[in-house]
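Engineer: Provided below are the primary sequence and the corresponding predicted coordinates.
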Amino acid sequence: MGRKGALFAAALLGLGLGAAATFVTKEKPPYAPRTGKETLEEAIQRLESELPLSTTRKPYLILDLLGSRLDYRISGITAKSIAFRIDSIRKRGVQTRPEPTKMMILRVEDRGAPPEVIIPPDPDKPVDPLKDPKLFPPDPPTDFTLILDHGTKVRFLGQKGTGWMEGMGRAVKDWLPWGPGSERMETQIQILLPAERAQEIYRALYRDERVLVMGLGDPGPARQPIADAR
Amino acid sequence: MIKRLLLLMGVAALLVLMAGQILSQDDPPPPEPQEPQEQPPPQANPQVQGTEPEPAAPGATQAPEEVAPVPETPPKPKPEPKRPATPQQKREMLQAKMKALAPKGIYLLIDTGTNHLYLMRDRCVLRTALCSTGSGRFLPDPPRKREWTFDTPKGEFRIQRKVVNPVWIKPDWAFIEEGEEIPGKQSDRLAPEEMGDYAMDLGDGYLIHGTLYERSLGMSVTHGCVRLGAKDLEAIFKAVKIGTLVYIF
């Protein structure tokens, strides 16, 4: 082996050792869903927070970070429940964990992508019926970020199969200086779920939908719209 | 000398104790806390009412000529003090309030995420149907400064009208979307087959109806209405009444 080869091998070894050290020393987030029932205090707090939402007669979401599930609720009934895994929770860029008895009500501001604009067909060029988006719409995204008020973002990462390749890609992205932690949003939640479930969530979202986030509290100050700023 | 001093102090202490006991016996016993009782209804005050006083009974002692003292109005009954609810009771109370909001009997649940419609009775699913809901697409009409977003509205609705053999009167956007001229005549807007055999009106132009394109059931392709296949449409139409609740989420 030449000098170049030895240097290359040393560099590889160094990278490997660095990665291993990061993996070992990195704090494992205790994001496993809890197994027991909620405490009496938590139940009262949840019901008190939820009751005003139920009386609006509009659907709302419960993003339960303690139980790792997203509940669709309307008028006091759970219409649907979707289980997920928490990938990370960051508050002001610092990794945090969900805490019992903490909760906050937020509002959906945006789901990240603008609606698709319909372009009327040219009457002289007939459309292939199998490609007509009116009959066969494009699939919704499997990876999207829900923007809530008070500087909170929830990224839904739909995974196909086991998702280990995507997991590796994400880990590399997280290390980058321009990775997800770099934005220093008030709160960033990243959750993993099957791709079809992510699409399902995306389809049903609507602007101004209320989200009761369980496990996180103390939302930051709401961003004030400033008119006529130059 | 010291012994005498101690004896004197002991006697003094004894005297103080005895005096204290005597004094405490003179004090009235502290009132025991009583449960508020229902008071009798307050008697009408004759003087206030202006009626004449009753004549004194024979043999009764004559009242002095002074003005008779006005009897005091009885004290108002005190409201029963509220006992603070235990956390258990509080939870049950909140759960009961939540339960009261929940629908009873027959209702429809429409999941726009999976494009499924559920016919429900209380908490039981009676029938599951594949449906189509709003595409969420956006149609601008710059010449006339109009725009439409084709979303199915979310929330609680009621069936306001049931129609057999409905005829669709195509609105402007149906022509704009196809790149066609908007017709002037009403008769050019009629599409009798488009909505299937039945329609259930939810208000504001949103309906549950049939479709010519059953292949696209399960997809988000509509302009906001909920489309069903012919068999499911008939079954749902027969199961619901005007006023039946519909929840779209």
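Structural biologist: Nice, thanks for sending it over.
Engineer: tell me the secondary structure at the nearest residue to A:Ile105 once chain neighbours are set aside.
Structural biologist: Nearest non-adjacent residue to A:Ile105, counting by CB to CB, 6 or more residues apart in numbering or on different chains: A:Leu212, 5.4 Å away. (C-beta placed from N, C-alpha, C; glycine too.) Using DSSP: H, G, I helix; E, B strand; the rest coil, the structure places A:Leu212 in strand.
Engineer: which pLDDT value goes with the residue most central in space within chain A?
Structural biologist: In chain A, the residue lying closest to the centroid (CA atoms, centre = their mean) is A:Arg155, at 2.4 Å. As predicted, A:Arg155 sits at a pLDDT of 94.
Engineer: B:Gly179 too?
Structural biologist: So B:Gly179 comes in at 89 (pLDDT).
Engineer: that one: how many residues sit nearby?
Structural biologist: Number of residues near B:Gly179 (other CB atoms under 10 Å in any protein chain shown) recorded here: 12.
Engineer: dihedrals phi and psi, it?
Structural biologist: Phi and psi for B:Gly179, reported as degrees, to the nearest 10, are phi 70, psi 30.
Engineer: isn't it right up against A:Pro121?
Structural biologist: Yes: with contact defined as CB atoms under 8 Å, B:Gly179 reaches A:Pro121; the gap is 5.3 Å.
Engineer: so B:Lys238, which state does it fall into?
Structural biologist: B:Lys238 ends up helix, using three-state DSSP.
Engineer: that one and B:Arg227, how far apart?
Structural biologist: From B:Lys238 across to B:Arg227, the span is 18 Å (CB to CB, to the nearest Å).
Engineer: okay, the two: which has more neighbours?
Structural biologist: The neighbour count for B:Lys238 versus B:Arg227, taken as other CB under 10 Å, is higher for B:Arg227 (26 against 10).
Engineer: show me the helices in chain A, by range?
Structural biologist: A:3-25, A:40-54, A:164-175, A:195-204 (DSSP state H).
Engineer: I'd like the next helix or strand past the longest strand along chain B.
Structural biologist: For chain B, the strand with the greatest residue count under DSSP state E is strand B:124-134. Following strand B:124-134 in sequence order, the next helix or strand is strand B:138-141 (DSSP states H and E).
Engineer: which residue packs closest to B:Asp151, ignoring adjacent ones?
Structural biologist: Here the residue nearest B:Asp151, using CB to CB, 6+ apart, is B:Gly134, at 4.4 Å.
Engineer: one more: B:Gly243?
Structural biologist: Closest to B:Gly243 by CB to CB, 6+ apart is B:Arg158, at 5.5 Å.
Engineer: that neighbour contacts B:Tyr247, correct?
Structural biologist: No: contact criterion CB under 8 Å: B:Arg158 and B:Tyr247 do not qualify, at 10.5 Å.
Engineer: low-confidence stretches in chain A?
Structural biologist: Scanning chain A for pLDDT under 70 picks out A:1, A:18-30, A:161-185, A:219-230.
Engineer: try chain B
Structural biologist: B:1-3, B:5-74.
Engineer: okay, helices next: where are they in it?
Structural biologist: B:2-26, B:46-49, B:87-101, B:172-178, B:230-239.
Engineer: picking that back up, mind listing the residues bridging to the residue nearest to B:Gly243?
Structural biologist: B:Leu245 (DSSP bridges).
Engineer: the one 4 residues further on too?
Structural biologist: Taking DSSP bridges, one finds B:Met200 as the beta-bridge partners of B:Lys162.
Engineer: quick one: neighbours of it, just the number.
Structural biologist: A count of nearby residues for B:Lys162, using other CB under 10 Å, gives 17.
Engineer: likewise for the one 5 residues further on?
Structural biologist: By the measure other CB under 10 Å, the count of residues near B:Val167 is 13.
Engineer: can you check A:Pro126 too?
Structural biologist: A:Pro126 has 8 nearby residues by other CB under 10 Å.
Engineer: B:Gly155 now?
Structural biologist: 15.
Engineer: name the nearest residue to it, ignoring sequence neighbours.
Structural biologist: Per CB to CB, 6+ apart, closest to B:Gly155 is A:Lys58, 4.6 Å.
Engineer: wait, what's in contact with that neighbour?
Structural biologist: Neighbour list for A:Lys58: A:74, A:209-210, B:154-156 [criterion: CB atoms under 8 Å, 6 or more residues apart in numbering or on different chains].
Engineer: of the residues you listed, grab the buried ones for PyMOL.
Structural biologist: Selecting only the buried entries of these in PyMOL, with 16 or more other CB atoms under 10 Å in any protein chain shown as the criterion:
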select buried, (chain A and resi 74+209+210) or (chain B and resi 154+156)
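Engineer: filter the contacts of A:Lys58 down to the ones in strands?
Structural biologist: Per DSSP E, the subset of those in strands is A:74, A:210, B:155-156.
Engineer: got a list of what the residue nearest to B:Gly243 touches?
Structural biologist: So B:Arg158 contacts B:202-203, B:242-246 (CB under 8 Å, 6+ apart).
Engineer: please indicate which of those residues are buried?
Structural biologist: B:202, B:244-246.
Engineer: which of those residues lies closest to chain A?
Structural biologist: Taking CB to the nearest CB as the measure, chain A sits nearest to B:Leu245 out of the buried ones among the contacts of B:Arg158, at 8.3 Å.
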